[in-house]
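# Here is the input, now give the coordinates:
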Amino acid sequence: MSQKKPNESIRCRVSSCAYHCGEDQYCSLRAIQVEPCPGCASGRPAEESMCGSYRHE
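Purely as a prediction, here's the structure:
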């Protein structure tokens, strides 16, 4: 498998994602898709959206 290249424009702390760049705390994708959480309208950031590009490692 090729070495992941950190995209310094996308910060990420989700270590279980296949695109996570370890201790660098970056994502290796060129772009991500941010998706709304179904049925959430609380106004709390952690409940309103999620990374739709996430893939479990």
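# what residues does the one helix or strand in the chain whose mean pLDDT sits lowest touch?
Within the chain, no helix or strand scores below helix 45-48, which has a mean of 76 by mean pLDDT, DSSP states H and E. Contact with helix 45-48 is made by 36-37, 40-42, as judged by Cβ atoms under 8 Å, 6 or more residues apart in numbering. For every residue, glycine as well, the C-beta is placed using N, CA and C.
# And the helix or strand following it, what's buried?
Counting by DSSP states H and E, the next helix or strand C-terminal to helix 45-48 is strand 49-51. Within strand 49-51, the residues that count as buried by 16 or more other Cβ atoms under 10 Å are 50-51.
# Stretch 41-57 too?
In stretch 41-57, counting by 16+ other Cβ under 10 Å, buried: 50-51, 53-54.
# likewise stretch 21-35?
So, applying 16+ other Cβ under 10 Å, buried residues of stretch 21-35: 21, 26-29, 32.
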